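Enquirer: pasted the sequence and its predicted model underneath.
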Amino acid sequence: MFQTFRTALELPLLKREMIELAQHKRTYVLRCLCLGVFALVFLVMYTSIRHRAMNVTWMLGQGREIVYAVFFTLLATIYALAPAMACAAITSEKEKQTLGLLLTSKLTPLGIVLEKIFSRMVPLLSLVIVSAPLFGVAYLFGGISFGETALGIVCLLYIVFQICVVAVFCSALVETSIAAFWLSYLILAAMYFALPILGGLTGFSRGGRTNLLGLHEVEFLFFPIYQMAMLGDRANTYPQYLLLTLPSLLLTLAFIPAATHALIRYGYGQATSFRIVLLKLQGQLSVTTARWLPQGRLKRQAEQAIIDADSPLSERISTDFPQTQPIVWREKRGTLLLRPRMQFLLIGGLFLVQTWVLAAAGAHDYEEVCAFFSFGIQILATLIVLSQASRLFARERERQTIDVLLVAPMSNRDILLNKVGGINLLILWLMIPILIAGLFNIALTNLRLSTLTAGTALTNETYYGHRNQLFGMDWLAAGFVYLTCLLGCAFINLHLSKWIALTVGLRLNTQIKGMIGSLVSILLLCLLPMILLALMMISVDADPDDFPLWFFSSPAIFVAVNEFHDLRMMYRSSILPESDVFLIGANFLIYGGLTLLLRSIVLHRLPTLLNRLDQPDAFPAGDFHSRK
């Protein structure tokens with residue numbers, strides 16, 4: 001007993017995890033990249049405040065702005081990277097088949113869960129440590145008290161703990177890291193937004209301050225971002241803040257025994273996984289629809305024909321294997337999200353969620369809700385494409401099937417395009433919920449005038465004060481411009497994300513590494529050029545109106561401007577032509593050209609990336625069976 005307790009105090013699993021992390025080069029590269037981004041944000045805010053002040057003395061008391069900017073940049077980085085970095089805590093042991101050895105050792109299941117949580121918190125806490133000097137310099141400028149600073153740090157550490165606990169629970173519950181990644185985001189979203197949506201539907205949040213805590217919008221008690229925003233409200237006291245945090249803390253701690261139970265129950269991977277749950281749901285839907293749909297009955301007869309060789313349908317079943325593009329067929333059968341029924345389920349679920357959110361929101365909030373929901377769906381679609389594209393070849397290396405794939409009688413280009421074929425179909429399916437969100441936007445918000453009907457003589461009063469008549473010519477023109485920009489940007493950005501993730505996945509040997517690398521690459525593409533150009537503009541005392549190319553420095557900027565129907569802000573005081581068509585075409589040209597350039601680079605370097613000599617003469621164009 002004493003020896004077991006002593007072994008637990010030594011934390012052997014945590015030591016092993018720390019040694020493994022210290023030996024990976026990506027651990028230090030990630031810290032350096034994050035520190036570079038935090039430093040750029042700090043320089044942008046500092047330069048902005050410095051240009052507004054007459055001298056350094058006038059900058060005193062302005063530290064709050066710098067602290068908030070760096071703080072929320074760090075927070076966004078944690079929310080983007082933490083689930084991906086923590087979701088493989090236990091699934092990696094399952095995939096390497098070493099979890100059984102841990103369970104038979106002197107480590108208890110609770111000790112395994114706790115050490116896994118702490119090991120995944122260390123890389124995230126290192127991001128807080130590398131940004132500490134920036135917070136220290138900002139604190140010296142004043143404007144923020146020591147109590148607010150300490151409380152903000154405690155809240156940030158709690159967010160790191162909460163995400164790691166939820167991710168480790170998902171890692172213990174399911175079998176693969178990708179499933180744990182998506183389940184982590186799903187649980188966090190349910191924790192944060194379920195109560196606000198229910199509160200809006202039931203009218204619970206419309207009653208002003210509550211009698212219990214004296215706080216507005218108490219339905220956000222599980223959302224740490226809201227609790228952090230309370231720091232700016234001087235009317236709230238620290239006891240109120242801590243009392244509001246208590247339910248969220250209790251819910252987070254409840255995931256630890258749940259993760260322990262899941263580790264014991266599903267430790268050997270024979271129990272229900274997230275994929276099996278979805279497959280069972282899909283099967284139940286198939287059984288229900290088979291009673292009315294002829295193709296459902298035909299499919300059941302076809303499945304029986306496989307068993308009965310004398311069935312007249314057996315000859316038809318033998319032709320189900322595709323004569324062309326066999327790898328696309330294999331990818332669609334092996335990936336759950338590439339199956340049409342799951343895609344219908346995803347689209348229907350997103351439609352219902354958006355309907356509930358709009359029903360919970362007031363009419364005066366429709367513009368913000370529609371914009372943020374449409375933007376959120378595009379982020380979700382990007383994450384789906386990243387998760388699928390980054391694992392195309394990394395999964396083959398993990399399963400040690402890459403050699404079997406590379407000996408197929410196909411050229412390197414054909415192998416790659418066949419692997420990507422399923423992702424292309426997925427992107428087309430993802431355009432449907434994006435289109436639905438866009439239709440909600442143009443139906444429920446105020447569309448401003450478009451240059452298609454108003455010409456170029458637009459004033460701010462006319463543009464911002466005009467209210468288009470529903471189904472009028474101005475409304476139709478503005479809606480056409482919005483939908484064209486929305487669908488075009490989404491289509492190009494998803495393909496750009498696909499090729500970025502594919503490039504990263506070709507260089508890495510595990511799925512979770514490919515996912516993290518793809519996320520970091522997309523974040524750098526969206527943030528780094530934007531921050532660098534903003535720093536350059538502030539240093540020369542310029543603004544986006546003087547340097548309109550800043551609006552094209554990030555794909556997120558143009559999408560956000562379009563969601564709020566404010567394209568005029570890009571050309572109202574700049575040298576750009578006053579034309580919505582020109583702006584949309586320029587954005588398409590920039591990022592569409594970048595996508596085609598990346599595609600050509602990947603195809604050109606494919607023999608090096610796959611480590612396979614290409615012999616196109618040996619594999620002429622044609623169907624798969626003709627190459628045998």
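Expert: Done, it's in.

Enquirer: now the helix or strand hosting Leu494: how far from the chain's centre is it?
Expert: Assigned by DSSP states H and E, Leu494 belongs to helix 473-507. Helix 473-507 sits 16 Å away from the centroid of its parent chain (Cα atoms, centre = their mean, to the nearest Å).

Enquirer: and if you look at stretch 157-172?
Expert: Counting by Cα atoms, centre = their mean, stretch 157-172 comes out at 17 Å from the chain centroid.

Enquirer: I'd like the average pLDDT over that stretch.
Expert: Per-residue pLDDT over stretch 157-172 has a mean of 90.

Enquirer: how much space between Leu400 and Leu449?
Expert: Small correction: residue 400 is Gln, not Leu. 60 Å (Cβ to Cβ, to the nearest Å). Yep, even glycine has a C-beta here, placed from its N, CA and C like the rest.

Enquirer: I'd guessed Thr27 sits against Pro123; true?
Expert: Yes: here Thr27 lies in contact with Pro123, judged by Cβ atoms under 8 Å, at a distance of 6.4 Å.

Enquirer: which of these two has more residues huddled nearby?
Expert: Neighbour count, other Cβ atoms under 10 Å: between Thr27 and Pro123, Pro123 has more, with 22 against 14.

Enquirer: with adjacent residues omitted, what lies nearest to that one?
Expert: Of all residues not flanking Pro123 in the chain, Met85 sits nearest, at 6.0 Å (Cβ to Cβ, 6 or more residues apart in numbering).

Enquirer: the host helix or strand of that neighbour: how far from the chain's middle?
Expert: Following DSSP H and E, one finds Met85 within helix 63-86. Between the centre of helix 63-86 and the centre of its chain there are 15 Å (Cα atoms, centre = their mean).

Enquirer: quick check: buried residues in that helix?
Expert: Within helix 63-86, the residues scored as buried using 16 or more other Cβ atoms under 10 Å are 63-71, 73-75, 77-78, 80-86.

Enquirer: residues of stretch 250-261 that come out buried?
Expert: Within stretch 250-261, the residues that count as buried by 16+ other Cβ under 10 Å are Thr252, Phe255, Ile256, Ala258, Ala259, Thr260, His261.

Enquirer: ranges for the helices of the stretch 101-250 of the chain?
Expert: 109-140, 146-173, 177-202, 224-229, 238-265 (DSSP state H, counting those that start in this stretch).

Enquirer: quick one: the last one to helix 177-202, angle?
Expert: Here helix 238-265 points in a direction 140 degrees away from that of helix 177-202 (axes from the mean of the first three to the mean of the last three Cα atoms, to 10 degrees).

Enquirer: what packs against helix 238-265?
Expert: helix 109-140, helix 146-173, helix 224-229 (3 or more Cβ pairs under 8 Å, 6 or more residues apart in numbering; DSSP states H and E).

Enquirer: which of the ones you listed sits most buried?
Expert: Counting by mean count of other Cβ atoms under 10 Å, helix 146-173 has the highest mean neighbour count of the helices and strands packed on helix 238-265, with a mean of 21.

Enquirer: just want the angle from that helix to helix 238-265.
Expert: Using the same axes, to 10 degrees: helix 146-173 against helix 238-265 is 20 degrees.

Enquirer: counting contacts, what elements does helix 146-173 pack onto?
Expert: Helix 146-173 packs on helix 63-86, helix 109-140, helix 177-202, helix 224-229, helix 238-265, going by 3+ Cβ pairs under 8 Å, 6+ apart.

Enquirer: any chance of the ones you listed in JSON lines with mean pLDDT and distance to Leu549 as columns?
Expert: Converted to JSON lines, the helices and strands packed on helix 146-173 look like this (pLDDT from 0 to 100; distance: least, Cβ to Cβ, whole Å):
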{"stretch": "helix 63-86", "mean pLDDT": "85", "distance to Leu549": "23"}
{"stretch": "helix 109-140", "mean pLDDT": "86", "distance to Leu549": "28"}
{"stretch": "helix 177-202", "mean pLDDT": "79", "distance to Leu549": "34"}
{"stretch": "helix 224-229", "mean pLDDT": "69", "distance to Leu549": "32"}
{"stretch": "helix 238-265", "mean pLDDT": "82", "distance to Leu549": "43"}
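
Enquirer: thinking again about what came up before, in the helix holding Leu494, which residues are buried?
Expert: For helix 473-507, using 16+ other Cβ under 10 Å, the buried residues are 474-479, 481-486, 488-506.

Enquirer: swap in stretch 45-59?
Expert: Of the residues in stretch 45-59, those buried under the neighbour-count criterion (16+ other Cβ under 10 Å) are Met45, Tyr46, Thr47, Ser48, Ile49, Met59.

Enquirer: residues making contact with that stretch?
Expert: Contacts to stretch 45-59, defined as Cβ atoms under 8 Å, 6 or more residues apart in numbering, come from residues Gln62, Glu65, Ile66, Ala69, Val70, Phe141, Leu535, Ile538, Ser539, Asp541.

Enquirer: next: stretch 130-147.
Expert: 31, 34-35, 38-39, 42, 59-67, 70-71, 74, 149, 238.

Enquirer: mind redoing it with 10 Å?
Expert: By Cβ atoms under 10 Å, 6 or more residues apart in numbering, the surrounding residues in contact with stretch 130-147 are 31-32, 34-39, 41-43, 45-46, 49, 56, 59-71, 73-74, 77, 128, 148-149, 151-153, 156, 231, 238.

Enquirer: for the strand or helix carrying Pro607, name the packing helices and strands.
Expert: Element membership for Pro607 (DSSP H and E) is helix 606-610. For helix 606-610, the packing partners by 3 or more Cβ pairs under 10 Å, 6 or more residues apart in numbering; DSSP states H and E come out as helix 402-406, helix 412-444, helix 473-507.

Enquirer: hmm, back to that, find the residues that touch each one of Thr27 and Pro123.
Expert: Common contacts of Thr27 and Pro123 (Cβ under 10 Å, 6+ apart): Leu21.

Enquirer: tell me who's in contact with Leu246.
Expert: Contacts of Leu246 by Cβ under 10 Å, 6+ apart are Leu221.

Enquirer: ok, now how distant is it from Leu221?
Expert: As defined by Cβ to Cβ, Leu246 lies at a distance of 9 Å from Leu221.

Enquirer: endpoints of stretch 168-185, how far apart?
Expert: Terminal residues of stretch 168-185 lie 12 Å apart, using Cα to Cα, to the nearest Å.

Enquirer: do the same with stretch 540-555
Expert: With Cα to Cα, one end of stretch 540-555 sits 24 Å from the other.

Enquirer: what do you get for stretch 550-565?
Expert: End-to-end distance of stretch 550-565 (Cα to Cα): 18 Å.

Enquirer: report the distance from it to the chain centre.
Expert: The answer for stretch 550-565 is 18 Å, by Cα atoms, centre = their mean.

Enquirer: with stretch 424-442 instead?
Expert: That offset, for stretch 424-442, works out to 17 Å (Cα atoms, centre = their mean).

Enquirer: kindly report the same for stretch 176-185.
Expert: Using Cα atoms, centre = their mean, the offset of stretch 176-185 from its chain centre is 12 Å.

Enquirer: list the buried ones in it?
Expert: Taking 16+ other Cβ under 10 Å as the criterion, stretch 176-185 shows Thr176, Ser177, Ile178, Ala179, Ala180, Phe181, Trp182, Leu183, Ser184, Tyr185 as buried.

Enquirer: low-confidence ranges, the stretch 451-600 of the chain, go.
Expert: 454-472, 545, 572-574 (pLDDT under 70).
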